[in-house]
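Participant: Pasted the sequence and its predicted model underneath.
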Amino acid sequence: MKNVKRIAVALVLFVAATGFVNAQGKVAHVNVQQLLSEMPEMKSAQAELKKLQETYRADIESSMTELKNKYTQYSNEATSKTKEENEERALELQGFEKNIQEAEQAAMQELQKKQQELFAPISDKAKNAIEKVAAAQGFDYVIDASPGLSLIVAKGKDLLPAVKQELGF
């Protein structure tokens, strides 16, 4: 009778342990930041963003130069103008400065919008490739191994080379 209990307990423990092992899925990792930064599409998107940023910067710098020139001109002519004229000019300069600040904010918003517009399809492409490689290799979970995302130990399979191959680079 003692042997039957021992065998029953051993059998239950064996089944529980087997179930626990089978419940754990296969896990892999991939550094998504590295993958994205190495994608040719990302490099061209970043170049396009940089070009747009330089265009905005040149426009704003041109406006700032114009503001400085007007300020200098108005300062030099201040003694020959009436108090009312100087007050009008000061208000004009304040309005011009406000317009420059608004243009800077609009440029930042446009850059963020363009970045999102350019990067979203690239991120989707990378995600689809990761999912395809993970499914082909039988992985249940893929963890992002990008720096700063809490992955402490990366002993599992690194899918980065296979995903890069899937993407053709």
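Facilitator: Perfect, thanks for sending it. It should be emphasised that the depicted structure is a prediction, and the values quoted were computed from it without experimental measurement. Numbers count the residues shown, from 1 in each chain.
Participant: quick one, what contacts Glu38?
Facilitator: Contact analysis of Glu38 by Cβ atoms under 8 Å, 6 or more residues apart in numbering lists 164, 169. For every residue, glycine as well, the C-beta is placed using N, CA and C.
Participant: now it: how far from Val163?
Facilitator: From Glu38 across to Val163, the span is 10 Å (Cβ to Cβ, to the nearest Å).
Participant: just Glu87 next, same as before
Facilitator: In terms of Cβ to Cβ, Glu87 sits 65 Å off from Val163.
Participant: what about the two, which has more around it?
Facilitator: Val163 (24 against 11; other Cβ atoms under 10 Å).
Participant: low pLDDT regions in the chain?
Facilitator: Low-confidence segments of the chain, defined by pLDDT under 70, span residues 1-24, 150-155.
Participant: Where do the helices of it begin and end?
Facilitator: Chain-ordered helices for the chain, with DSSP state H as the definition, fall at 2-23, 32-38, 40-77, 83-137, 160-167.
Participant: Going by neighbour count, which residues in the second one are buried?
Facilitator: By neighbour count on 16 or more other Cβ atoms under 10 Å, the buried set for helix 32-38 is 32, 35-36.
Participant: Output these in a markdown table, with distance to Glu77 appended to each entry.
Facilitator: Written out in a markdown table, the entries for those read as follows (distance: Cβ to Cβ, whole Å):
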| residue | distance to Glu77 |
| --- | --- |
| Val32 | 59 |
| Leu35 | 60 |
| Leu36 | 55 |
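Participant: Among the helices of the chain, which comes closest to Ser146?
Facilitator: Of all the helices of the chain, helix 32-38 sits nearest to Ser146, with 4.0 Å by Cβ to Cβ.
Participant: now the closest one: how far from the chain's centre is it?
Facilitator: With Cα atoms, centre = their mean, to the nearest Å as the basis, helix 32-38 stands 10 Å off its chain's centre.
Participant: thinking Arg89 is in contact with Thr72, fair?
Facilitator: No. Counting by Cβ atoms under 8 Å, Arg89 stays clear of Thr72, with 11.9 Å between them.
Participant: neighbour count winner among those two?
Facilitator: Neighbours per residue (other Cβ under 10 Å) separate Arg89 from Thr72, with Arg89 holding more: 18 against 10.
Participant: That'll do, ta.
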